[in-house]
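In: Okay, here's the prediction I keep looking at, along with the sequence it came from:
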Amino acid sequence: MNALGRRLRREILSAGPITFARFMELALYAPGLGYYERPRVPGRGGDFFTSVSVGPLFGQLLAFQFAQWVDAGLPEGNVRFVEAGAHDGRLAADILAWLDRRRPDLLARLEYCLLDPSPVRRAWQEKTLLPWRRRLAWAPDIASLGAGQVSGIIFSNEFLDALPVHRLAWDAAGRTWREWRVAVEGETFVWRLGAADAEAATCLPGVPGELAAVLPDGFIVESAPLAAAWWRAAAAALRRGRLLTIDYGFAGDGWFRPERPQGTLRAFRRHRASVDLLAHPGGQDLTAHVNFSALEEAGRAAGLRTEGLLRQGQFLTRILAQTHARPETFEPWNQQRVRQFQTLTHPEHLGERFQVLVQAR
């Protein structure tokens with residue numbers, strides 16, 4: 001076992017089997033040991049491929065849309081962009097570079113805040129974003145911003161899918177959920193089925209009566225109370241502006257599709273997806289699909305209105321139409337940028353895989 005594996009093993013031997021949420025928390029975020037505490041290069045040379053790794057166009061389109069929203073709703077005074085899950089700051093750099101070239105007036109009144117508790121990741125971000133140091137701020141988490149303190153945009157890209165989740169299995173006989181926990185046998189992590197954690201039960205997809213009668217025994221779903229709590233805190237922090245996330249996930253009853261009896265949790269390593277979730281703690285990415293219905297409900301309860309839940313292809317194509325209406329405000333197009341746009345929006349690439357939830361106050 002590596003150092004992180006030994007730490008997990010000690011915790012399990014001391015306190016008994018742990019939830020997968022706890023295992024995932026340490027596997028991804030344990031200081032100095034977790035997967036996201038080590039330099040990662042998304043793209044062909046890494047473990048996964050993201051919209052940011054396609055090229056700078058993704059950030060430029062977001063920057064254009066953010067500027068449009070600010071012009072329409074916050075024409076005067078200071079503005080904050082708050083990004084969660086910035087990792088090494090590449091998306092922030094693409095957004096800030098576009099503002100620097102095209103909207104220096106907005107950049108002059110902008111504070112770009114990165115939410116990150118990790119000193120390691122903050123050092124990466126500071127290095128990437130050095131040209132815009134005067135415009136930057138950091139906070140450890142969304143709750144530390146305080147209620148009603150953000151006029152602007154709070155956003156994330158592929159952040160919520162990496163927040164820890166509980167892994168639950170349907171007990172057909174009792175028509176209830178049980179929880180898969182992580183135990184240890186010798187040097188190997190193994191699954192143990194037990195009672196569902198009280199926190200996990202608060203964020204489960206509802207099971208209609210007619211579905212409960214036929215849902216197969218052992219059918220697995222994920223519960224993400226941390227994602228819902230993050231969205232509630234972000235909604236509370238937003239005084240005026242937009243809250244949005246770009247990620248893969250479902251709304252409604254997408255969780256209960258017959259082709260997903262083992263849930264959506266996956267491990268990624270060297271561009272290969274795996275269901276061996278307990279292998280290589282700290283050495284592989286762990287992700288689960290986002291429950292967009294739960295996020296939307298949390299935002300509405302906090303007074304936000306939903307402006308759209310769109311496929312990434314639809315969302316970026318709408319921004320493209322705005323840039324065509326005002327070609328002098330956007331970058332000139334060339335073959336390379338056209339290829340980037342096709343990758344970001346085509347259904348067989350990233351256009352259908354990701355969804356964009358936008359809520360506003």
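Out: All right, it came through fine.
In: Report the secondary structure state of Trp180.
Out: strand (DSSP: H, G, I helix; E, B strand; the rest coil).
In: so what's the residue nearest to Ala143 when sequence neighbours are not counted up against?
Out: The spatially closest residue to Ala143, leaving aside those adjacent along the chain, is Ala233, at 4.8 Å (C-beta to C-beta, 6 or more residues apart in numbering). C-beta here means a position set from N, CA and C on the backbone, and glycine is covered the same way. Counting by C-beta atoms under 8 Å, 6 or more residues apart in numbering, Ala233 touches 141-143.
In: Nearest to the spatial middle of this protein, which residue is it?
Out: Phe159 (2.0 Å; C-alpha atoms, centre = their mean).
In: Just confirm it contacts Thr245, I think it does.
Out: Yes: the pair Phe159 / Thr245 is scored as a contact, 7.0 Å apart, by C-beta atoms under 8 Å.
In: contacting residues around the residue nearest to the centre of the chain?
Out: 84-85, 245, 247.
In: Ok, Glu37 next?
Out: With C-beta under 8 Å, 6+ apart, Glu37 has these contacts: 29-31, 118, 120-121.
In: One more: Gln262?
Out: Here Gln262 is in contact with 220, 275 (C-beta under 8 Å, 6+ apart).
In: try 10 Å this time
Out: Gln262 makes contacts with 167, 169, 218-221, 275, as judged by C-beta atoms under 10 Å, 6 or more residues apart in numbering.
In: and of the residues you listed, the nearest to Leu211?
Out: Distance to Leu211 across the contacts of Gln262 (C-beta to C-beta) is lowest for Phe219, with 10.0 Å.
In: is it true that that closest one touches Pro258?
Out: Yes: between Phe219 and Pro258 there is a contact at 9.1 Å, judged by C-beta atoms under 10 Å.
In: Please write out the alpha-carbon positions of stretch 172-183 in PDB.
Out: C-alpha atoms of stretch 172-183 as PDB (Å, rounded to 0.1, in the frame of the first residue of the first chain):
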ATOM      1  CA  ALA A 172     -36.200  -4.900  -2.800                       C
ATOM      2  CA  ALA A 173     -37.600  -7.000   0.100                       C
ATOM      3  CA  GLY A 174     -37.600  -4.100   2.500                       C
ATOM      4  CA  ARG A 175     -38.200  -1.400  -0.200                       C
ATOM      5  CA  THR A 176     -35.400   0.700   1.300                       C
ATOM      6  CA  TRP A 177     -31.800   1.700   0.600                       C
ATOM      7  CA  ARG A 178     -28.700   0.200   2.200                       C
ATOM      8  CA  GLU A 179     -25.200   1.600   1.800                       C
ATOM      9  CA  TRP A 180     -22.000   0.100   0.400                       C
ATOM     10  CA  ARG A 181     -19.100   0.900   2.800                       C
ATOM     11  CA  VAL A 182     -15.400   0.200   2.500                       C
ATOM     12  CA  ALA A 183     -13.700  -2.300   4.700                       C
END
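In: buried sites along that stretch?
Out: Using 16 or more other C-beta atoms under 10 Å as the test for burial, stretch 172-183 gives 177, 179-183.
In: need the helices for the stretch 151-300 of the chain, in chain order.
Out: 198-201, 209-212, 225-237, 292-301 (DSSP state H, counting those that start in this stretch).
In: quick one: which of those is nearest Gly282?
Out: Nearest to Gly282, of these and by C-beta to C-beta, is helix 225-237 at 19.2 Å.
In: So for Phe219 and Pro258, which sits in the more crowded spot?
Out: Phe219 (21 against 8; other C-beta atoms under 10 Å).
In: still on that earlier bit, make a PyMOL selection of the buried ones in the contacts of Ala233.
Out: PyMOL command restricting the contacts of Ala233 to the buried ones, with burial defined by 16+ other C-beta under 10 Å:
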select buried, resi 142+143
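In: which one among the contacts of Ala233 gets closest to Leu106?
Out: Proximity of the contacts of Ala233 to Leu106 was ranked by C-beta to C-beta; the top entry is Ile142 with 22.9 Å.
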